[in-house]
Each structure stands twice: as structure tokens, then as C-alpha cells.
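[1] I'll drop the sequence and a predicted model, then ask my questions.
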Amino acid sequence: MSTKIEVQNLKKSYGSNEVLKGLDLIVKDNEVVVMIGPSGSGKSTFLRTLNKLEEPTAGKIIIDGHDLKDPRVNMNQVREKIGMVFQHFNLFNNLTVGENVMLSPVELGKMSKADAELEARELLKEVGLEDKFNAKPQSLSGGQKQRVAIARTLAMKPDMILFDEPTSALDPEMVGDVLAVMKKLAKAGMTMIVVTHEMGFAKEVADRVIFMADGHIMEEGKPEEIFGNPQNERTQEFLNKIL
Ligand code: ADP
Ligand code: MG
């Protein structure tokens, strides 16, 4: 299996606040990594450094063999291959659902409008929203909006998707539909890093669970290891609070 993401001694500071204190991680093709950890431990910052929404202070990030610090690397091309799904869906409310999904491929000249529309209809079907093509985002529930956001990400044909707490802004009854879409993607072989506290999802879908605290990866292992027999005291303490 080839390596999709390789991170070496990654550090990130904001002023004197060191948020990432030397992370090492390798994510292989088709792998699903779930990241858990207390609020403020640096999970979002970590995901944002992977597609250069944040510039690391030190360390190395290699995406699909491309060192992000190499000036010859076309960062836009690399970034297009890394989908991101956020807690707040960031849809354009003045556009229809279909237009939201079509927007990037058309604007970046990847597809004609006609092809992008066909593709968007197909993707909306995949996330269970085939009847919402012409709807405005305001008319959708949070769970539906998040599924549109996932379809929009898929429209760019990413090689990997980073999810930052995709269900934590949703009413409980909406969470299942979003997780079901994510499960389907995982089963189809998408490489994913998912920051989530949905332990059921982690147990069922994750190949590996990473516990992060204070800017360090404290512990990682298979879900049954981390949830069933955590070795690190901080992991135990955290799991006791949320389980
Ligand atoms: P998590 O996602 O695990 O809750 P974050 O990565 O959001 O953690 O935040 C980790 C730390 O980095 C926090 O102390 C936060 O205040 C700080 N931080 C995050 N983004 C910024 C920023 N843009 N500027 C300054 N500090 C930031
Ligand atoms: Mg966060």
C-alpha cells in the first residue's frame, strides 16, 4: 500500500503558543484514521497544516510523494486532491444545492457546466439528496447541508478527505445519515482522517485511532486497543469522560 500522507516532526506555533509539538504520522492509501482528543489539543490545526491552510513552523509534510515545502510543487494541484469537510458546512446560500456542488469543478475549468451538472446530480444521489438539486441551502436541515458539503468535496475527485468534526454541529437525529455517507466512502476505499468523537463510527470504520493531547500524539492503535485497553493515562482519562 502506498503512503498518502507522511508527516515528520511537525510543529506549529502561534506566537509563543506551541500548538503542535512534533507530530509524526503516516497514512496509507485507503486508510481511515480517526483522531480524538480534548478541545484545544491541536486537531484542527493539524488538519489545516495538511493542505496548507496553515503554514507549519517546522517539520515535513509529504502528500502523495510531494514535499509541501518543495517550491516546484504546485500547491493548488496538491490541494485539489485533499478534500476538507468542516463542522460548519460553508455552503453558498445564494446558490442552489446543485450549483454549490458544481461550482469548483466549473470555476477551475475541470469540467464543462453540462458535465458538472450530470456529476452533481450523481453525487447528490450518492448522499441521498437527489431531489434537492434545485433547493436553496437554507431550506435544508443541518444533516442535509453537511451531505451537500460532502458531495461538493467529492465533485473535486479528491484522493483523500479530511473531516473536522463533521457531525458535532448537528442535532442528534441528523448525525446517522452523515455518518452513513462517510462509512460508504470509507468502504469504497477513500483515504480519510476524521476528527470525531463518534465512537461507534470509530469502532466500526477506523483502521486506526489516534489520541491527541497538548499538541502530541499520545497514543495510537486499532480501535479495540485504544477503546478497550488504552495504555496512556491521558487516553484513559479522556475516554472515561466521553464514554
Ligand atoms: P482542537 O481542534 O483540538 O480543539 P485547535 O487546533 O483548534 O484544537 O486549537 C489548538 C490551539 O491553537 C488552541 O489553543 C487555539 O487557541 C490555538 N489556535 C488555533 N488557531 C489559532 C489561530 N489562528 N491563531 C492563534 N491561535 C490559534
Ligand atoms: Mg477543532
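    Nice, thanks for sending it over. Ligands and ions are numbered 1, 2, ... in the order given.

[2] what's the distance between Val181 and Lys125?
    12 Å (CB to CB, to the nearest Å). No exception for glycine: its C-beta is placed from N, CA and C like everyone else's.

[3] ok, the two, which is more surrounded?
    Remark: of Val181 and Lys125, Val181 carries more neighbours, 21 against 13, as counted by other CB atoms under 10 Å.

[4] Alongside ligand 2, which residues does the chain contribute?
    43-44 (CB under 5 Å from the ion).

[5] Spell out which parts of the chain neighbour ligand 1.
    Residues of the chain lying near ligand 1 by CB under 6 Å from any ligand atom: 14, 19, 37, 39-45.

[6] which one among the residues you listed gets closest to Asn134?
    Of all these, Ser44 has the smallest distance to Asn134: 33.3 Å, by CB to CB.

[7] correct me, but that closest one touches Ser168?
    No - taking contacts as CB atoms under 8 Å, Ser44 lies outside contact range of Ser168: 11.4 Å.

[8] More neighbours: those two, which one.
    Ser44 (20 against 13).

[9] where are the low-confidence patches of this protein?
    Applying pLDDT under 70 to the chain flags no residue at all.

[10] For it, which segments count as helices?
    Taking DSSP state H as the test, the helices found in the chain are 43-50, 75-80, 97-107, 113-126, 142-154, 172-187, 199-205, 223-228, 233-242.

[11] Please identify the most buried of these.
    helix 142-154 (a mean of 24; mean count of other CB atoms under 10 Å).

[12] other SSEs contacting it?
    Contacts defined by 3 or more CB pairs under 8 Å, 6 or more residues apart in numbering; DSSP states H and E place helix 142-154 against strand 82-85, helix 97-107, helix 113-126, helix 172-187.

[13] Can you add distance to Glu6 and give these back as TSV?
    Shown next, in TSV, are the helices and strands packed on helix 142-154 (distance: least, CB to CB, whole Å):
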stretch	distance to Glu6
strand 82-85	14
helix 97-107	26
helix 113-126	29
helix 172-187	21
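
[14] just to revisit the earlier point, show the buried residues in the residues of the chain next to ligand 1.
    Among these, those classed as buried by 16 or more other CB atoms under 10 Å are 19, 37, 41-45.

[15] Run through who's touching stretch 115-130.
    Stretch 115-130 is contacted from outside by 97-98, 101-102, 105-106, 110-111, 132-133, 144, 147-148, 150-151, 154-155, 177, 181, 184, using CB atoms under 8 Å, 6 or more residues apart in numbering.

[16] how about the CA coordinates for that stretch, as PDB?
    Below are the C-alpha coordinates for stretch 115-130, written out as PDB (Å, rounded to 0.1, in the frame of the first residue of the first chain):
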ATOM      1  CA  ASP A 115     -20.800  17.500 -17.300                       C
ATOM      2  CA  ALA A 116     -20.600  19.100 -13.900                       C
ATOM      3  CA  GLU A 117     -24.300  19.100 -13.600                       C
ATOM      4  CA  LEU A 118     -24.600  15.400 -14.500                       C
ATOM      5  CA  GLU A 119     -21.800  14.700 -12.000                       C
ATOM      6  CA  ALA A 120     -23.500  16.900  -9.300                       C
ATOM      7  CA  ARG A 121     -26.800  15.000  -9.800                       C
ATOM      8  CA  GLU A 122     -25.000  11.700  -9.500                       C
ATOM      9  CA  LEU A 123     -23.200  12.800  -6.300                       C
ATOM     10  CA  LEU A 124     -26.300  14.200  -4.700                       C
ATOM     11  CA  LYS A 125     -27.900  10.800  -5.400                       C
ATOM     12  CA  GLU A 126     -25.000   9.100  -3.600                       C
ATOM     13  CA  VAL A 127     -25.500  11.200  -0.500                       C
ATOM     14  CA  GLY A 128     -29.300  10.600  -0.600                       C
ATOM     15  CA  LEU A 129     -30.300  14.100  -1.800                       C
ATOM     16  CA  GLU A 130     -31.200  13.600  -5.500                       C
END
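
[17] Thanks a lot, see you next time.
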